[in-house]
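In: Turn this into a structure:
(one chain, ligands or ions: 1)
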Amino acid sequence: MGTEAHMKNQKRFFETLAIHGDTDRPEPSAGDPVVYPQVHSTVFRMAAEAEDGELIYTRHENPNRSQLESVLASLEAGEACAAFSSGMAASTAIVQALKSGDHIIIPDDLYHGTRKLMTETMEPWGLEASVTDMSRPEHLEQAIQSNTKMVWVETPSNPLLQIVDIRRISNICNQHGVLLVVDNTWPSPVNQQPLHLGADLVMHSTSKYIGGHSDLLGGAVVAKRKEGFFERIRDLQRSSGAVPSPADCWLMLRSIRTLPCRIRSHNQHAISISLFLEEHHSVSRVYYPGLKSHPGHEIAKTQMYGFGGMISFLVEGDRESASRVVQGSRLIAPVTSLGGVESTWEHRIRSEGPGTGTPGNL
Ligand code: PLP
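Out: Here you go, the predicted structure:
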């Protein structure tokens, strides 16, 4: 992977960062625990006068959460991170940091919960949202309005694994003074680092690959710059309080230590499975950016270090045929969500409900 010169030159010590990426910890000394313990106290003793960075109350800040935020910021090469109790809480904080009357542009294929948040939930708060095919950047130029403040990208997208050229989208956003946010949940930082490609913010559902064991819910926002727009997100994190518990942060950090190994394994398995599916007589189409047949393959090669563990495919037949396939395995559980160590699959339309453009046989 990483066919372009700059990709080769980029130093990516993910294994080390996943374990030692907590840059805020003091120099270790003899007797220190190698694994930082959980700090469940919600309150911390206060000095007579307020001090910079002082710990007072866990909704504001907690040592386990700070450690998680520091490691995630290192993995995404950002200056700062805010951890949340779910991916949707992270996305909500990002849009709440906008103002009433602001306009956001979202891609036509993206996680259906994000689409609902932008187009329905936030509508009464005055957020204006429009939908564009981001795999055709020229469409984005036309969609930008005088009140456009943010462009949201998901690549590879959920569920059709469309690839968006992050560099090109970022150039357009820069020209118009618009913030670019990338939902990096599907690739994880081990396969794609959007801040290196020009994005301003990265959003994660850490419930997926980062948690990695189908037993944790979480979210995060990583910012290229800790000043400016991110300060509003930090403020919302602390004041609205959708924060992860110390135990969840501790477990998330334990998961992250194996993230690079897990992702490389997912990458290897997914390419084998997608090649197998491509040849299968009951499969009419496979969507996987690692396949040469994928329309976004060439762009993916220039911005991804690996193609990820998610594959979509159309089975020959109709909605019922796809449902039968997904119910037909003892080993592969039919579930929504992704990113655990076990193989899972989903008849996607069942989760998305009415109004979705997702094919019934996906
Ligand atoms: N973004 C993507 C790409 C997702 O797939 C999901 C969940 O499936 C989310 C965001 C939402 O994350 P959470 O379920 O942690 O709130």
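
In: I'd assumed H204 was in contact with S91.
Out: No - S91 is beyond contact range of H204, at 9.9 Å (criterion: Cβ atoms under 8 Å). Using the backbone N, CA and C atoms, a C-beta is placed for each residue, glycine as well.

In: show me what contacts whatever residue of the stretch 151-300 of the chain ends up closest to the ligand?
Out: Going by Cβ to the nearest ligand atom, the ligand is nearest to S205 of the stretch 151-300 of the chain, at 3.0 Å. By Cβ atoms under 8 Å, 6 or more residues apart in numbering, the contact list for S205 reads S86, G87, M88, A90, D183, T185, G218, G219.

In: How about the residues of the stretch 1-150 of the chain by the ligand?
Out: S86, G87, M88, Y111, G113, T114 (Cβ under 6 Å from any ligand atom).

In: Mind checking what secondary structure the third one has?
Out: Taken by DSSP: H, G, I helix; E, B strand; the rest coil, the conformation at M88 corresponds to helix.

In: Could you find the closest non-adjacent residue to R65?
Out: Spatial nearest neighbour of R65, chain neighbours left out: C249 (4.8 Å); criterion: Cβ to Cβ, 6 or more residues apart in numbering.

In: my read is the one you found is in a helix, agree?
Out: Yes - under three-state DSSP, C249 falls within a helix.

In: distance of it from S272?
Out: Computed as Cβ to Cβ, to the nearest Å, the C249 to S272 distance reads 34 Å.

In: If you count surrounding residues, which of the two has more?
Out: C249 (26 against 9; other Cβ atoms under 10 Å).

In: For that one, give me the pLDDT.
Out: pLDDT recorded at C249 is 98.

In: Quick check, Y57 in contact with F44.
Out: Yes - using Cβ under 8 Å, Y57 is in contact with F44, at 7.3 Å.

In: need the strands for the stretch 251-362 of the chain, in chain order.
Out: 283-287, 312-315, 333-334, 344-345 (DSSP state E, counting those that start in this stretch).

In: Let me have the ones you listed in TSV, extended by mean neighbour count, distance to the ligand and mean pLDDT.
Out: Below are those laid out as TSV (neighbours: other Cβ atoms under 10 Å; distance: least, Cβ to the nearest ligand atom, whole Å; pLDDT from 0 to 100):
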stretch	mean neighbour count	distance to the ligand	mean pLDDT
strand 283-287	18	15	98
strand 312-315	21	12	98
strand 333-334	14	15	96
strand 344-345	16	12	96
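
In: The ones you listed: which one's closest to G211?
Out: Nearest of these to G211, taken as Cβ to Cβ: strand 344-345 at 13.8 Å.

In: In terms of secondary structure, what does the closest one contact?
Out: Strand 344-345 sits against strand 333-334, with contacts defined as 3 or more Cβ pairs under 8 Å, 6 or more residues apart in numbering; DSSP states H and E.

In: For the top helix by length along the chain, output the C-alpha coordinates as PDB.
Out: Ranked by residue count, the top helix of the chain under DSSP state H comes out as helix 259-279. What follows is helix 259-279, C-alpha atoms only, in PDB (Å, rounded to 0.1, in the frame of the first residue of the first chain):
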ATOM      1  CA  LEU A 259      -5.600  -1.500  16.900                       C
ATOM      2  CA  PRO A 260      -2.700  -1.500  14.300                       C
ATOM      3  CA  CYS A 261      -2.400  -5.400  14.500                       C
ATOM      4  CA  ARG A 262      -6.100  -5.800  14.200                       C
ATOM      5  CA  ILE A 263      -6.500  -3.400  11.300                       C
ATOM      6  CA  ARG A 264      -3.700  -5.100   9.300                       C
ATOM      7  CA  SER A 265      -5.400  -8.400   9.800                       C
ATOM      8  CA  HIS A 266      -8.800  -7.000   8.800                       C
ATOM      9  CA  ASN A 267      -7.200  -5.600   5.600                       C
ATOM     10  CA  GLN A 268      -5.700  -8.900   4.700                       C
ATOM     11  CA  HIS A 269      -8.800 -10.900   5.200                       C
ATOM     12  CA  ALA A 270     -11.100  -8.400   3.500                       C
ATOM     13  CA  ILE A 271      -9.100  -8.400   0.300                       C
ATOM     14  CA  SER A 272      -9.200 -12.300   0.200                       C
ATOM     15  CA  ILE A 273     -12.900 -12.300   0.900                       C
ATOM     16  CA  SER A 274     -13.700  -9.600  -1.700                       C
ATOM     17  CA  LEU A 275     -11.800 -11.500  -4.400                       C
ATOM     18  CA  PHE A 276     -13.700 -14.700  -3.400                       C
ATOM     19  CA  LEU A 277     -17.000 -12.800  -3.600                       C
ATOM     20  CA  GLU A 278     -16.200 -11.200  -6.900                       C
ATOM     21  CA  GLU A 279     -15.900 -14.700  -8.500                       C
END
